[in-house]
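In: give me coordinates for this.
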Amino acid sequence: MDKKVLVSYASRAGATAEVAEEVGKTLAAEGLMVDVLPVQKVGSLEPYSVLVLGSAARHSRLIPETMRFARKFSRQIKGIKVAYFVSCLTMFKDTPETRATVTGYLKPLVKLKEPLDIGLFGGAMVPEKIPGFWSKVMKNAERGDYRDWDKIREWARGVAQKL
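Out: From the prediction side, this is the model:
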């Protein structure tokens, strides 16, 4: 395969960044050329024929950095293949109801460009990794890591097959 893939992500506490890294490794293992970058470090989509865009979610929506990225690169996104993923605590239980809720978070991206696939993954709650004011607010929150690494790798292999 000669497709160059950008896996870009917006993450606050690092859980989504780790998911993006795993997606990138899995795509590379499938023979794709892959770069993994936070959305803030992407200067152009020109070198890429595929974008895998991932985001954490807060307050029932994608974090703002994701949408700033999508607006900034909207023209380029429309011209390439895309897949989206969300990593969030809402997916701690994978049920039809939570899938519907989290899929709703992606509506602004889907409206911009229909994806090849959508990945919905559990997130992690590690309060000391949350930056700023929220680290104090969340310091007594229940901790947990709800990411299913096998499911994440399986999804990434499926994306590679669709390319």
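In: report the beta-bridge partners for residue 38.
Out: Assessed by DSSP bridges, residue 38 has beta-bridge partners residue 9.
In: tell me the bridge partners for the residue nearest to the spatial centre of the chain.
Out: Residue closest to the average C-alpha location in the chain (CA atoms, centre = their mean): residue 54, at 1.5 Å. Per DSSP bridges, the residues bridged to residue 54 are residue 9, residue 85.
In: could you check how far it is from residue 89?
Out: Between residue 54 and residue 89 the computed distance is 15 Å (CB to CB, to the nearest Å). C-betas here are computed from N, CA, C, even on glycine.
In: about what we covered before: quick one: residues contacting the residue nearest to the centre of the chain.
Out: 7-11, 16, 19-20, 23, 84-87, 119 (CB atoms under 8 Å, 6 or more residues apart in numbering).
In: leaving out sequence neighbours, find the closest residue to residue 92.
Out: Nearest residue to residue 92 in three dimensions, chain neighbours excluded: residue 146, at 4.1 Å (CB to CB, 6 or more residues apart in numbering).
In: the one you found: what's it in contact with?
Out: By CB under 8 Å, 6+ apart, the residues touching residue 146 are 89, 91, 92, 122, 123, 124.
In: now the strands: where do they sit in this structure?
Out: 4-10, 33-38, 50-58, 61-62, 81-88, 118-122, 124-125, 144-145 (DSSP state E).
In: TSV for those, including mean pLDDT?
Out: Formatted as TSV, these follow (pLDDT from 0 to 100):
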stretch	mean pLDDT
strand 4-10	97
strand 33-38	98
strand 50-58	95
strand 61-62	93
strand 81-88	96
strand 118-122	96
strand 124-125	72
strand 144-145	74
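In: please identify which of these is closest to residue 97.
Out: Closest approach to residue 97 among the strands of the chain is made by strand 118-122 (12.0 Å; CB to CB).
In: residue 34 versus residue 155, what's the distance?
Out: Here the criterion is CB to CB. By it, residue 155 lies 15 Å from residue 34.
In: er, residue 52 actually
Out: For residue 52, the distance to residue 34 equals 9 Å [CB to CB].
In: many thanks, have a good one.
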